[in-house]
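[1] Kindly generate the corresponding structure for this input.
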Amino acid sequence: MTASGTILIVEDNEQSIELVKELLEEVGFQTLEAEDADASIRLAKQEHPDLILMDIYMPGKNGYEVSQTLKSNPETQDIPIVAFTALATEKDRQRAEAAGCIGVISKPIDVDTFASTVSSFLLDSQNNTGVLIPTPIFASPALADPEKEFLLKLSHDLQGPIRKIHQFSSWLKKSTAEKLSPEDQGYLKGIDRATQQIQDVLTNALTEFRSSRE
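    Below you'll find the predicted structure:
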C-alpha cells in the first residue's frame, strides 16, 4: 500500500516511536514526534497534522486529557485523534471516545497491519462530510490507583524491548533460513516462545487487574 499525509506520534517510549515511524514512513506517511503533552499540543497547533496517534499513559497529563485539550481548541479540534494504548478494554474505548478520539489501536501493535489500520482511520475521518461539531469537554478521568499505574507503566516500558527481541528473531530467521541447523532453529523458536510468554504474563496481569476493579 502507499499512503500520504502527516501523522503526529505522541509517545514517550523511544523504541516504540522508532518502530511506529518505520512502519508509517515505509508506506509513504510523513511523521512528527512528541514525547509529552506540552510538545504534542505545540506541534498540533504549529503543524496541524492529518492525524494524531495519542499514547494514553504518559508522564504528566495523560492522553485523554491531552485529547480533550486539543478538541476544545478551535485551532486543533478538527484533527482526528486515535488513542494508542496497551490492552484496550471496552471501558478504555468509551473513555477515548468521550475524550474525542475516533478510535483505539492496542499495543503491542501488529506490524503487518498497523500502517493499513492507521490509513483506514485517516480515510474514514477524511470521508466524514458532516458538519464538524466541537467535541464537548468531559470531566477528566479519575486517577488510577497506584497498583494499576505500576502495572500499566511496567507493561508500557517492556513493550519496546519485547518488540525488539521479536523483530531480531524474525530478521534472523529470514536472513539465515538456509544456513541455520535444526538445533539453531530450535533456539530461535525458543526465543519466540519466551517472548510470547512474557507478553502473555503482562496481558494476563493487566486483564485480571482490570477485571478485579470493574
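[2] For the rest of this, base every contact and every neighbour count on C-alpha atoms.
    Will do.
[3] Grab the nearest non-local neighbour of Leu23.
    What sits nearest to Leu23 in space, not counting adjacent residues and going by Cα to Cα, 6 or more residues apart in numbering, is Ala115, at 6.2 Å.
[4] In a helix, that neighbour, correct?
    Yes - under DSSP: H, G, I helix; E, B strand; the rest coil, Ala115 sits within a helix.
[5] Skip the chain neighbours and tell me the closest residue to the spatially most central residue of the chain.
    Nearest residue to the geometric centre of the chain (Cα atoms, centre = their mean): Phe84, 3.0 Å. Nearest residue to Phe84 in three dimensions, chain neighbours excluded: Asp55, at 4.6 Å (Cα to Cα, 6+ apart).
[6] Which pLDDT value goes with that neighbour?
    We have a pLDDT of 91 for Asp55.
[7] measure it to Lys71 for me?
    16 Å (Cα to Cα, to the nearest Å).
[8] now swap in Gln15 and tell me
    28 Å.
[9] Could you do Ile109 as well?
    25 Å.
[10] If you count surrounding residues, which of the two has more?
    Taking other Cα atoms under 10 Å, Ile109 and Lys71 do not tie; Lys71 has more neighbours (23 against 18).
[11] Now do the closest residue to the more buried one other than its chain neighbours: how many residues are near it, please.
    Counting by Cα to Cα, 6+ apart, Gln77 is the residue found nearest to Lys71 once chain neighbours are left out, at 4.0 Å. Other residues near Gln77 come to 21 when the count uses other Cα under 10 Å.
[12] now swap in Ser72 and tell me
    With other Cα under 10 Å as criterion, Ser72 counts 18.
[13] thinking again about what came up before, where's the residue nearest to Lys71, which helix or strand?
    Under DSSP states H and E, no helix or strand contains Gln77.
[14] what's the spacing between it and Leu24?
    23 Å.
[15] next one: Glu14
    Taken as Cα to Cα, the span from Glu14 to Leu24 is 15 Å.
[16] again with Asn73
    Applying Cα to Cα to Asn73 and Leu24 gives a distance of 27 Å.
[17] Give me the more crowded residue out of Glu14 and Leu24.
    Taking neighbours as other Cα under 10 Å, Glu14 and Leu24 compare with Leu24 leading, 22 against 11.
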